[in-house]
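Q: Based on what follows, work out the 3D shape:
(one chain, ligands or ions: 1)
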Amino acid sequence: MTDDPQASLSPTLVGPAIQCRDVCRSYGKLQVLNNLNLTVPQGQIYGLLGPSGCGKTTMLKCIVGTLSISRGYIGVLGKPPAFPGHGVPGRMVGYMPQELALYNEFTIGNTLTFYGRIHGLTLRETQARINFLIEFLDLPQKDRVVRNLSGGQKRRVSLAAALLQNPELLILDEPTVGVDPVLRAKIWQHLVDIVKTGKVSVIITTHYIEEARQANVVGLMRNGCLLAEGTPEAVMKLQTSTTLEHAFLQLCETSDQTCVKQSSGSQDDGLGKSQSFESGRDESRPILANVAKATEEVVCHTVDWKVRLRHVFPKLRNIAALTIKNLLRMRRMPGSLCFQFLLPVIQMSLICLCVGGDPKGIQVAVVNNDTSPLAFGHSLLSFLDNSSVERVSLSHAEAFEGVYDGKYWGVIGFRKDFSSSLMNRMLLKNVSKEVIDRGSVHVWLDQTNHQIALMLQRKLYEAFQAFVESKMGSMADTYALPIKFEEAIYGSHNTDFTTFVMPAAVLSITFYLALGLTALSFVLEKKEGLLDRCWVAGVSSLETMLAHLFSQLLIISVQIILMLLFVLLVFKMPNEGSLVLIVLLIVLQGITGISFGLVISAAIDDEQNANQAALGLFYPNLILSGIIWPVECIPYPLRYLSLALPQTYASEALRCIMYRGWDLTHMMVWRGFVVTLGWNSFFIIVATLILKFRK
Ligand SMILES: Nc1ncnc2c1ncn2[C@@H]1O[C@H](COP(=O)(O)OP(=O)(O)OP(=O)(O)O)[C@@H](O)[C@H]1O
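A: Here you go, the predicted structure:
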């Protein structure tokens, strides 16, 4: 097998394989491990037995380092778990967690090849081990997908993953559950065989107490304490029992009787503390008073700075293995992949089609009492945009009744002498207020829909302007407002609301999809024990995050290409700026989404809560980031919050690039990039810290 730098750091094992001293661990107020002392001798099988909920799994998780202890000391193969440069977590340890911790969409071959890559095995070595394990564990063909295996077969694949790299220490949490008696016997025989070399040690938990007779040492655990530890024969002898099960029952009864003594911290020779049956082992030595002592033991291991640096620095091998794994998972879920590619395009197309355009087919009642042969009323209405405004000629009473009933959005009314009064208004210098009023178009609107009301006002002004031009020719300007809008400096007079929304919407869609998918997939991996398993195999949180980032970047790239193709070529949105800058900013915003997703999934253990967090943040962010309405409308001090959000300055920057053709020399552009990069770094640091300290 290839030389692993970690393997070369294998400690000189003079002491036991695992040593736990006064280990305490709680979940909130629930004290699960209570001053637990346990010793796994080098080159032996240790059976950790105890009733459900007594803390066995918690103990194993503390040993592999996925859970931290609140007090005490744990030494694994000579050093505390996760000690810089130590092979635990890493190749020296094979861990089979209680949950299956398998990638369901992988084949058996994919699963084992992935762990082979993590452990630095060559393909040939992995292949040889796969063939052996399939034969030995009576597994189906290696191209069978894990999802379609039976419960027992899945457990055996999980065991195979733990055995793959021939580790020096095997930590197996209930490996024989759901396995038939013949195979159970075979697994035990294999464990017995591999420890015979003296180089491999095993700690195994099982519900089948009797099978643990094959262990060299058993530890009987109850309520977070070790009741007894010794060879199975010694335990049975002391309890004058013929079976381990009976011996255990007796120990439990005795322990219940001395329970009060235990809680008062009795130091006598009863079962208040762990009984040792192993000759020569000093279980009666004073309990370490506090963490300080444990730390003392830890600091005696000096660490070379190079080793420390290698410990914190992400390993390319692991990142590559995880990235390949992520890509393979994506490939095995084509439906989900298509969804991820198409959803942004569909969302963006819907925005371009449905948001910001003029309302169409708006029905308006017309009461035209203008009977003059000039028929100015009729003529003016002919200039109204027919696609937006549908006119319905009615009597005065019917028109108003229709608006009150919600059938029409307004009434346009012309008085009997509208044409002559309008003519007088335009041609005479002095006219009475009454003539002005009679020569006006009277409009009553249903103002409950601001956009429709605004559109009707605008269409009427435009129709009037066109009408005046048709009647007055070159004199038309005399009757227009004395304000002239010249050629637009940026954009055009036809710029609509869609143009405003589009850049921020692209960023927002990329950000939220990346956030949602990252949070969900990470929380699920964490919940199913996959992250812990990878961590025990030697993968750091940072490596996991980087690999996720790389594989997700591939998805984001396809999403961006499709979105931009639709936005620029199909919906013909204007773009004056550099495509490179546009793509870069959207990619960086996608990374912001991924890194924020990592923070959520690092802090939250449950997919429902993670979804709630992502959904809960969606609307406030959409509104406060100026995506659907200008930031300038947000009142102070809320505006300060808005400006601090990851998408506010980025949206502004993208609008400046696309519509003003600006580049990085403009503050409004580089500020968007700087703020995005700042948020990315912040989120990744926070996620790493949470993953590191939340054990
Ligand atoms: N993440 C957690 N948060 C809160 N309590 C927990 C958590 N994990 C375990 N516990 C509790 O800690 C106690 C010990 O659990 P643990 O899984 O270590 O028991 P166990 O001996 O392995 O049981 P089993 O044999 O059924 O697997 C139980 O009461 C359990 O409910």
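
Q: Poorly predicted segments of the stretch 251-400 of the chain, please.
A: Within the stretch 251-400 of the chain, the stretches with pLDDT under 70 are 257-311.

Q: The residue of it found nearest the ligand - nearest residue in space that isn't next to it in sequence?
A: Nearest to the ligand in the stretch 251-400 of the chain, going by C-beta to the nearest ligand atom, is Cys252, at a distance of 13.8 Å. (Each C-beta comes from the backbone N, C-alpha and C, glycine too.) Sequence neighbours aside, Arg222 is the residue nearest to Cys252 in space, at 5.9 Å (criterion: C-beta to C-beta, 6 or more residues apart in numbering).

Q: and that neighbour, how many neighbours?
A: Under the neighbour criterion other C-beta atoms under 10 Å, Arg222 is assigned a count of 20.

Q: cool, and Arg213?
A: Arg213, neighbours per other C-beta under 10 Å, totals 17.

Q: Can you verify my assumption that it contacts Pro232?
A: Yes - in this structure, Arg213 is within contact of Pro232 by C-beta atoms under 8 Å, at 4.7 Å.

Q: if I look at these two, which residues touch both of them?
A: Counting by C-beta atoms under 8 Å, 6 or more residues apart in numbering, the residues touching both Arg213 and Pro232 are Leu244.

Q: can you give me the helices for the stretch 1-150 of the chain?
A: For the stretch 1-150 of the chain, the helices defined by DSSP state H, counting those that start in this stretch occupy 56-64, 108-118, 123-136.

Q: Correct me if wrong, but Asn318 is in a strand.
A: No - counting by DSSP: H, G, I helix; E, B strand; the rest coil, Asn318 falls outside a strand, being helix.

Q: List the contacts of the residue nearest to it when sequence neighbours are not counted.
A: Closest residue to Asn318 apart from its sequence neighbours, by C-beta to C-beta, 6+ apart: Glu543 at 4.5 Å. By C-beta under 8 Å, 6+ apart, the residues touching Glu543 are 314-315, 318-319, 322.

Q: show me the contacts for Glu398.
A: Listed by C-beta under 8 Å, 6+ apart, the contact set of Glu398 reads Ala365.

Q: That one is in what secondary structure piece?
A: In this assignment (DSSP states H and E), Glu398 forms part of helix 396-404.

Q: quick one, helices of the stretch 251-400 of the chain?
A: Secondary structure of the stretch 251-400 of the chain by DSSP H, counting those that start in this stretch: the helices cover 259-263, 291-299, 305-312, 316-331, 334-354, 376-381, 396-404.

Q: what's in contact with the strand or helix carrying Gln608?
A: In this assignment (DSSP H and E), Gln608 forms part of helix 607-624. If you take C-beta under 8 Å, 6+ apart as the criterion, helix 607-624 is touched by 508, 512, 515-516, 519-520, 523-524, 527, 597, 600-601, 604, 628-629, 634, 638, 641-642, 645, 647-648.

Q: going on from it, what's the next piece of helix or strand?
A: Downstream of helix 607-624, the next assigned helix or strand under DSSP H and E is helix 638-644.

Q: Contact residues of the stretch 51-200 of the chain facing the ligand?
A: Where the stretch 51-200 of the chain comes near the ligand, counting by C-beta under 6 Å from any ligand atom, the residues are 52-58, 98.

Q: I meant to write the chain there.
A: Contact residues (C-beta under 6 Å from any ligand atom) of the chain with the ligand: 27, 30, 32, 50, 52-58, 98.

Q: could you dump the residues you listed to a markdown table with pLDDT and neighbour count?
A: A markdown table is the format used below for the residues of the chain next to the ligand (pLDDT from 0 to 100; neighbours: other C-beta atoms under 10 Å):
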| residue | pLDDT | neighbour count |
| --- | --- | --- |
| Tyr27 | 90 | 9 |
| Leu30 | 92 | 9 |
| Val32 | 94 | 20 |
| Gly50 | 88 | 23 |
| Ser52 | 87 | 7 |
| Gly53 | 89 | 11 |
| Cys54 | 90 | 22 |
| Gly55 | 92 | 25 |
| Lys56 | 93 | 23 |
| Thr57 | 94 | 19 |
| Thr58 | 94 | 20 |
| Gln98 | 90 | 18 |
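
Q: of all these, which two lie farthest apart?
A: Leu30 and Gln98 (18.0 Å; C-beta to C-beta).

Q: Give me the neighbour count for whichever residue of the stretch 401-550 of the chain sits closest to the ligand.
A: At 10.7 Å from the ligand, Lys527 is the closest residue in the stretch 401-550 of the chain, using C-beta to the nearest ligand atom. Using other C-beta under 10 Å, Lys527 is surrounded by 15 other residues.

Q: Touching, it and Asp605? I think so.
A: Yes - using C-beta under 8 Å, Lys527 is in contact with Asp605, at 6.6 Å.

Q: all strands for the protein, in order.
A: 18-27, 30-40, 45-49, 71-76, 93-96, 169-173, 201-205, 217-222, 225-230, 275-276, 362-368, 389-393, 410-414, 442-445 (DSSP state E).

Q: Could you verify my assumption that Val146 touches Tyr103?
A: Yes - Val146 sits in contact with Tyr103 when judged by C-beta under 8 Å, with a separation of 6.6 Å.

Q: The residue positioned nearest the centre of the chain: what's it in contact with?
A: Nearest to the mean C-alpha position of the chain, counting by C-alpha atoms, centre = their mean, stands Ala519 at 1.3 Å. Shown in contact with Ala519 (C-beta under 8 Å, 6+ apart): 597-598, 600-601, 604, 610-611, 613-614.

Q: low pLDDT regions in this protein?
A: In the chain, residues with pLDDT under 70: 1-14, 257-311, 695.
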